[in-house]
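> I'll drop the sequence and a predicted model, then ask my questions.
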Amino acid sequence: MKKTIITIERQYGSGGSAIGKLTAEKLGVNYYNRQILEMTAQRCGMSAEYLETAEENVPTSFLYSLLLSANPARTMEDNLPLSDKVFLMESRIINEIADKEKSFVLVGRCGNYILEEKGCFSVYIYADTKSRIERAINDYHIPENKAESVMKKADKRRETFYNVNTGGAWQDKDQYALCLNSAVLGDELCAELIVKAYNEYNSRFE
């Protein structure tokens, strides 16, 4: 299957968002990250910040979520925890974008899981702890005495949200087509390698 969409999962402070933007610019396609959450918030009539907190309160029963998400009845959705509603709405929005756009770059939001059947080239960006803390301080302007705790909290939230909603393991590199260490390679080279790998892979199906 030809992969027309690039999805990126990333550790906090690894530069995944910046690399995603660079990749989209090099390919001349749209880039989505927080925009998905903002679209979801608009549809739900809630603030993006409020919905973001729902990801920190994900229920631990994946089977329960899977059972309910398989039933499109509104009455069933009304009984879902807010975190499940966020995931279902984000999934719908992501699929709608995939139906309209031939190619785009999506960062986070369990993209590789949601778009697996539509075809996606999945990437995982990681880096060593020291480099991620330095980026958090220098680029994200997190106070030095809080950077490590912010990093750990963000990683835990992303991992829990991914694992519960997909049944997979967020940091399992075997599930990604390409894994890159941004601390060693740098943002620009990571983006170039993603584009090259993406184009080379797609050329097999032409």
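Thanks, I have it.

> How confident was the prediction at Thr75?
At Thr75, the model reports a pLDDT of 47.

> actually Leu37, not the one I wrote
pLDDT, read off for Leu37, is 88.

> distance of it from Gly108?
Going from Leu37 to Gly108 by C-beta to C-beta, to the nearest Å gives 9 Å. For glycine as for every other residue, the C-beta is placed from the backbone atoms N, C-alpha and C.

> what does Thr53 give?
16 Å.

> so for the helix or strand where Glu200 lies, what's the average pLDDT?
If you go by DSSP states H and E, Glu200 is part of helix 187-203. In this model, helix 187-203 has an average pLDDT of 94.

> now do stretch 52-63
59.

> So between Thr53 and Gly108, which is more surrounded?
Counting neighbours by other C-beta atoms under 10 Å for Thr53 and for Gly108 shows that Gly108 has the greater number, 21 against 13.

> How about that one: what's its closest non-neighbour residue?
Distance criterion C-beta to C-beta, 6 or more residues apart in numbering; nearest residue to Gly108, sequence neighbours excluded, is Asn33 at 6.1 Å.

> so who does the one you found touch?
Residues near Asn33 by C-beta atoms under 8 Å, 6 or more residues apart in numbering: 17, 20, 106-109.

> Of the residues you listed, which belong to helices?
17, 20 (DSSP state H).

> top of the contacts of Asn33 by neighbour count?
Arg109 (29 neighbours).

> Just the pLDDT for that residue.
So Arg109 comes in at 89 (pLDDT).

> Confirm for me that it is in contact with Ile36.
Yes: contact criterion C-beta atoms under 8 Å: Arg109 and Ile36 qualify, at 5.2 Å.

> Not counting sequence-adjacent ones, nearest residue to Arg10?
Gly16 (2.4 Å).

> Tell me, how many residues neighbour the one you found?
25.

> any idea how far it lies from Leu88?
Gly16 is 24 Å from Leu88, by C-beta to C-beta.

> What of Glu38?
17 Å.

> swap in Ile97?
Distance from Ile97 to Leu88, by C-beta to C-beta: 15 Å.

> do Thr129 as well
34 Å.

> neighbour count winner among the two?
Leu88 (18 against 13).

> helices and strands around the helix or strand encompassing the more buried one, which ones?
Element membership for Leu88 (DSSP H and E) is helix 82-100. Helix 82-100 sits against helix 34-44, helix 48-54, helix 62-69, strand 104-107, helix 111-114, helix 147-166, with contacts defined as 3 or more C-beta pairs under 8 Å, 6 or more residues apart in numbering; DSSP states H and E.
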